[in-house]
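Visitor: sequence first, then the predicted structure, then my questions.
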Amino acid sequence: MTADHGNAPDSTPPTGGATGPPDSECEPRAALEALQAERLTALLRTLRDRNAFYDRKFSRAGVDVGRLRFFEDLAALPFTTKADLVADQEASPPWGTALTEPLDRYTRYNQTSSTTGRPLRWIDTPETWQWMLECWKAVYRAAGVTGRDRVFFPFSFGPFLGFWTGFDAATQIGAHAIPAGGMTSGQRLALISALAPTVMCCTPTYALRLLDVAREAGGRAALSDGPVRVIIVAGEPGGSIPATRQRIERGWGARVIDHHGLTEVGPISFECLQAPGYLHVNEREFIAEVVDPDTGEPAADGVRGELVITNLGRTASPVIRYRTRDLVVRTRERCACGRTLARLAGGVVARADDMVNVRGVNVYPAAVESVLRAIGPVVEYRCTVQAAGSLRGIFVEVEIEDAVDAAAVAALAASRLREALGLSVPVTPVAAGALPRFEMKARRFVVDRGTPPAGPGTPAGNPQSAASVRIGQEDS
Ligand SMILES: [Zn+2]
């Protein structure tokens, strides 16, 4: 590794026992911020005259980066948006110009999972890939995952970044990594029973899906008594939604650890064992700001705002002050685990792009999930928002466990949705297996832009039509 590739991430061994945090994650915040300032200064110096995208961005903003002093001048740097990066790749296909190294140094390709526009292509050098693996090691460390574990990855590896890095990092901590793509859920359950993995990495949706499949096969008890003790989830907000977590934890007899990241940014955050429902931002490797999504002005701790991230070690393809569109509530109080790293209360609360206005009420997919997952007999659901405009309709379809009064459960769901959203939402029971099942990015919240409203709240149209777009957390 050359000096140009940024500082090596922290590999301080844990102090406080096998699951205790390393001292570096417990430093006073002043020391942490001094480290961030030093690394940001070094990063910007490296990008200068080498990363055409950022040279252009800073020069257009009239910023002489060499004269800035951090932290105090951080806000003088312009924001970067996904639209900026997409436009850059369209203008200079296929890779764009946000690259610091010559093209032949890049060895890994990934892309975002956007279904609403062209995916963003993102490439890494061996050094930046390794930097991401070190970030994943922080996730494993906080989850108490060690070289003695067997880590199971029940999905097919596509071009999405998240679980590739999780897989590689598992092998580097000495754990046994088990790929289980290209299989049915039944085959995966058989593999779990044959190999006894102790850790599973997947979306919250898929952890629930495997429970369903096991239940249909009469094996639910076996899973809650099974070998899996930790489930690291990512890719959807469910990992920090209490009702979804509880359902996964009960069904598997395992602890859920939430984690979030973005393909173009890297593995940003992790949950620790001591504080369920909070995500620590790995501030040794990322600068995290929270801003008002409308004005871009700093948001106070405790107030919902948009997470803005600068990654400090992905020097070959960095993002500076990147508007993630993740809405979060930050706290910088020291955690029970001893870490001084800032935390996001309730994880990623919502995605700014996911909000839909229905008859004057702002509806987020996570709010709907939070209500429906808390109703035990609801096996699966789909929420459809129809057409644009003030007469937008919204309705929910639910699959309900056999031998339960479906009408009563649907009525309960409707009443809880009305309470939570302040909106009347018709809930219709549908036959078992009628709704789609997902492994990677669930599409349970569908906005149908192609069907004119048939009247507020009236189920109509085909929510799977080509004009439908999924909204939900985009990346991991
Ligand atoms: Zn903690």
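Guide: Nice, I can see it.
Visitor: pick out the residue nearest the middle of this structure.
Guide: The centroid of the chain falls nearest to H260 when counting by Cα atoms, centre = their mean (3.6 Å).
Visitor: who is the nearest residue to it once chain neighbours are set aside paired with across the strands?
Guide: The shortest distance from H260 to any non-neighbouring residue, by Cβ to Cβ, 6 or more residues apart in numbering, is to S269 (5.1 Å). Glycine gets a C-beta too; all of them are placed from N, C-alpha and C. Note on S269: beta-bridge partners H260, V281, judged by DSSP bridges.
Visitor: name all residues that make contact with S269.
Guide: H259, H260, G261, L279, H280, V281, N282, L344, G347 (Cβ atoms under 8 Å, 6 or more residues apart in numbering).
Visitor: and if we set it to 7 Å?
Guide: H259, H260, L279, H280, V281, N282, L344 (Cβ atoms under 7 Å, 6 or more residues apart in numbering).
Visitor: so the third one: helix, strand or coil?
Guide: Per DSSP: H, G, I helix; E, B strand; the rest coil, the local secondary structure of L279 is strand.
Visitor: alpha carbons only: can I get whichever strand or helix holds A87 in CSV?
Guide: Assigned by DSSP states H and E, A87 belongs to helix 82-91. Listed next in CSV are the C-alpha coordinates belonging to helix 82-91 (Å, rounded to 0.1, in the frame of the first residue of the first chain):
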residue,chain,number,x,y,z
LYS,A,82,-26.1,10.9,-6.3
ALA,A,83,-27.5,13.0,-9.2
ASP,A,84,-24.0,14.6,-9.5
LEU,A,85,-22.4,11.2,-9.8
VAL,A,86,-24.9,9.8,-12.2
ALA,A,87,-24.6,12.9,-14.4
ASP,A,88,-20.8,12.5,-14.3
GLN,A,89,-21.0,8.9,-15.4
GLU,A,90,-23.4,9.7,-18.2
ALA,A,91,-21.1,12.5,-19.4
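Visitor: did I read that right, V447 in a helix?
Guide: No - counting by three-state DSSP, V447 is not part of a helix but strand.
Visitor: for A434, see how far away it is.
Guide: 20 Å (Cβ to Cβ, to the nearest Å).
Visitor: those two - which one has more neighbours?
Guide: Neighbours of V447 and A434, each counted by other Cβ atoms under 10 Å, are more numerous for V447; the result is 22 against 12.
Visitor: bridged to the residue nearest to that one when sequence neighbours are not counted, which residues?
Guide: Computed as Cβ to Cβ, 6+ apart, the closest residue to V447 that is not its neighbour in sequence is V385, at 4.7 Å. Beta bridges link V385 to I394, V447 when assigned by DSSP bridges.
Visitor: surely F58 and L68 touch.
Guide: No - between F58 and L68 there is no contact under Cβ atoms under 7 Å: 9.6 Å.
Visitor: neighbour count for the two, which is higher?
Guide: A count of neighbours by other Cβ under 10 Å puts F58 above the other of F58 and L68, at 22 against 16.
Visitor: what strand or helix carries the more buried one?
Guide: Using DSSP H and E, F58 falls in helix 52-60.
Visitor: tell me the buried residues in that helix?
Guide: Across helix 52-60, burial judged by 16 or more other Cβ atoms under 10 Å covers A52, F53, Y54, K57, F58.
Visitor: isn't the first one up against G96?
Guide: No - counting by Cβ under 7 Å, no contact exists between A52 and G96, whose distance comes to 9.1 Å.
Visitor: ok, so of the buried residues of helix 52-60, who is nearest I178?
Guide: Checking the buried residues of helix 52-60 against I178 with Cβ to Cβ, the nearest one is F53 at 38.5 Å.
Visitor: who's in contact with that closest one?
Guide: D88, G96, T97, A98.
Visitor: got a list of what the closest residue to it other than its chain neighbours touches?
Guide: Distances taken as Cβ to Cβ, 6+ apart put A98 closest to F53, at 3.7 Å, once the chain neighbours are dropped. Each residue near A98 by Cβ under 7 Å, 6+ apart is listed here: N51, F53, Y54, L85, D88, S317.
Visitor: which stretches in the stretch 201-350 of the chain count as strands?
Guide: With strands called from DSSP state E, counting those that start in this stretch, the stretch 201-350 of the chain shows them at 230-233, 255-262, 266-270, 278-281, 286-291, 305-311, 322-328, 330-331, 343-345, 350-351.
Visitor: what packs against the first one?
Guide: Counting contacts by 3 or more Cβ pairs under 7 Å, 6 or more residues apart in numbering; DSSP states H and E, strand 230-233 is packed against strand 199-202, helix 204-216, strand 255-262.
Visitor: who wins for neighbours among the contacts of S269?
Guide: H260 (31 neighbours).
Visitor: and that residue, what does it touch?
Guide: Residues counted as contacts of H260 (Cβ under 7 Å, 6+ apart) are A234, I268, S269, L279, G347, V348, S476.
Visitor: equivalent analysis for G346, please.
Guide: S240, G277, V329.
Visitor: with R304 instead?
Guide: L327, V329, V349.
Visitor: burial count for whichever residue of the stretch 51-200 of the chain sits closest to the ion?
Guide: The minimum distance from the stretch 51-200 of the chain to the ion, using Cβ to the ion, falls at A142 (7.1 Å). By other Cβ under 10 Å, the residues close to A142 number 28.
Visitor: my guess is it contacts F270. True?
Guide: Yes - using Cβ under 7 Å, A142 is in contact with F270, at 4.8 Å.
Visitor: residues bridging contact with the two, i.e. touching both?
Guide: With Cβ under 7 Å, 6+ apart, A142 and F270 have common neighbours H280.
Visitor: quick one: the residue nearest to F53 from K57, how far?
Guide: Here the distance between A98 and K57 works out to 9 Å (Cβ to Cβ).
Visitor: do R284 as well
Guide: From R284 to K57 the distance is 25 Å (Cβ to Cβ).
Visitor: how many neighbours does A234 have?
Guide: Neighbour number of A234 under other Cβ under 10 Å is 25.
Visitor: what sits against it?
Guide: A234 neighbours (Cβ under 7 Å, 6+ apart): G162, T203, H259, H260, G261, S476.
Visitor: any idea how far it lies from the ion?
Guide: 18 Å (Cβ to the ion, to the nearest Å).
Visitor: and if you look at A442?
Guide: 27 Å.
Visitor: surely that residue forms part of a helix?
Guide: No - counting by three-state DSSP, A442 is not found in a helix; it is coil.
Visitor: how much space is there between it and A170?
Guide: Taking Cβ to Cβ, one finds A442 at 24 Å from A170.
Visitor: between those two, which is the more surrounded one?
Guide: A170 (28 against 25).
Visitor: so the more buried one sits in a strand?
Guide: No - assigned with three-state DSSP, A170 falls outside any strand and is helix.
Visitor: ok, now which ones touch it?
Guide: V151, A177.
Visitor: next one, pLDDT for it please.
Guide: We note a pLDDT of 98 for A170 in this prediction.
Visitor: swap in the one 5 residues further on?
Guide: Turning to A175, the model gives it a pLDDT of 98.
Visitor: all set, thanks.
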